[in-house]
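# this one's sequence-less:
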């Protein structure tokens, strides 16, 4: 069984795939999944109009959101195809997000724009995964350590050591985003 964990950021997500079971996970891949168009920089923060300003033009927001949806579908389709070619068919996924706050409850316009973007990137990724029949769960970043300890039946320090070891099997950096995605993937593996 293969599961993919994602650390969702503004405009992209870090994906880490694990295979095996919760008792014996192995890391098989890591990559950046684009959720925005690098050629259209405003899609990285579609509810913003420059630094610390919110976009007020509904038509412009809709245009950017449409691009984000297309990018997410294309990127997830490419990820799934690549994994299937490597015989790592993803059966489950978990998304680590910064917040699940309802943007309508945020009074500050700038912070509300960030909340809209957080919800947008999370939901387009969920929808793109669902189109490939990949069920996913969403986990708030600050809740991940406790959820991992409980779900994996290991103390947080043991989870952290195992996740750190995953990074040694891959080339390149192994930052907090990769570690969060790997932890989420581990939780999405079967018991």
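Okay, I see it. Keep in mind the model is a prediction, meaning the values are calculated, not measured.
# list the buried residues for the lengthiest helix in the chain?
Longest helix in the chain by number of residues (criterion: DSSP state H): helix 58-85. Buried residues in helix 58-85, counted by 16 or more other C-beta atoms under 10 Å: 61, 64-65, 67-69, 71-73, 75-76, 79-80, 83. Any C-beta I mention is one placed from the backbone N, CA and C, and that applies to glycine too.
# ok, residues contacting the first helix or strand past that helix going along the chain?
On the C-terminal side of helix 58-85, the nearest following helix or strand under DSSP states H and E is strand 90-97. With C-beta atoms under 8 Å, 6 or more residues apart in numbering as the test, strand 90-97 has contacts from 1-8, 13, 17, 80, 83, 118, 122, 125-126, 129, 132, 134-141, 144, 180-181, 183-185, 187-189.
# how far off centre is strand 90-97?
Here the centre of strand 90-97 is set off from its chain's centre by 7 Å, with C-alpha atoms, centre = their mean, to the nearest Å.
# can you list the strands that the helix or strand residue 28 falls within pairs with?
Element membership for residue 28, per DSSP H and E: strand 25-34. Strand pairing for strand 25-34, determined by DSSP bridges: strand 12-20 (antiparallel).
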